[in-house]
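Trainee: A predicted structure for the sequence below; I have some questions about it.
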Amino acid sequence: MTRDLVVPAASAGDDVSPVEVRLADVTADNWRDVVALEVEPEQRHLLASNVYSLAEASFTPAARPRAIYAGPRLVGFLMYEPGDTPEERHRVSIYRFMIDRRVQGRGYGRAALLKAIDEIRAMPGITTVSICYAADNPARVLYESLGFVPVDRDEDGDVIADRPLEGAR
Ligand SMILES: CC(C)(COP(=O)(O)OP(=O)(O)OC[C@H]1O[C@@H](n2cnc3c(N)ncnc32)[C@H](O)[C@@H]1OP(=O)(O)O)[C@@H](O)C(=O)NCCC(=O)NCCS
């Protein structure tokens, strides 16, 4: 089996500026590393595992799974998808978002979310980005600081928060 340079999940002690955060496709070369990313044990209930998300994405043509890199290092994963009804077609929902537990708190999550918003803004016809989270998730502070406003609850009681996309096409 041929693989490109294997980029391990970042280890504690490394310091790459959030400025160097970028999103990339999940490919045959990096999917195993995406699966190996971890949240803290007490965060596990907050989202599906990455292996579940990649399985789901493989059967969901509209899903966009994205690997999060800080410089050369894989540090996280997120996934988004446009709505599939006429009423929801203008909205993209970010429904998976995680940074590896070893490198949380360094600004990578904020930088990755901003990159995702930029990608979504460039999608034709999309005017709103939405994120869903458990009401007690500390990440809500991050979402609110980026302009997400709670608008509803889903069937599980999770908060749905919207952010209008200025300059959307
Ligand atoms: C949410 C998550 C992706 C944020 O990634 P991160 O790289 O740690 O976040 P950042 O370092 O960019 O922090 C961004 C801001 O949010 C706050 N924040 C984010 N996650 C936080 C947490 N779990 N606890 C406390 N504060 C948090 C930070 O204090 C920071 O504030 P500041 O910019 O004013 O300093 C990460 O904590 C994670 O993977 N959590 C577990 C999975 C999860 O909850 N995903 C979201 C499901 S909706």
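Mentor: Sure, I can see it. Numbering: from 1, shown residues only.
Trainee: and the residue nearest the centre of the chain, what is it in contact with?
Mentor: Nearest to the geometric centre of the chain sits residue 78, at 2.4 Å (CA atoms, centre = their mean). Applying CB atoms under 8 Å, 6 or more residues apart in numbering, we find residue 78 in contact with 23, 65-66, 68, 94, 96-98, 112-113, 116. Glycine gets a C-beta too; all of them are placed from N, C-alpha and C.
Trainee: ok, for the residue of the chain found nearest the ligand, nearest residue in space, not its chain neighbours?
Mentor: The minimum distance from the chain to the ligand, using CB to the nearest ligand atom, falls at residue 109 (2.2 Å). Counting by CB to CB, 6 or more residues apart in numbering, residue 99 is the residue found nearest to residue 109 once chain neighbours are left out, at 4.7 Å.
Trainee: now swap in residue 153 and tell me
Mentor: residue 159 (6.2 Å).
Trainee: Just give me the neighbour total for residue 166.
Mentor: 8 (other CB atoms under 10 Å).
Trainee: Scan this protein for its longest helix.
Mentor: Determined from DSSP state H, the single longest helix within the chain is helix 108-121.
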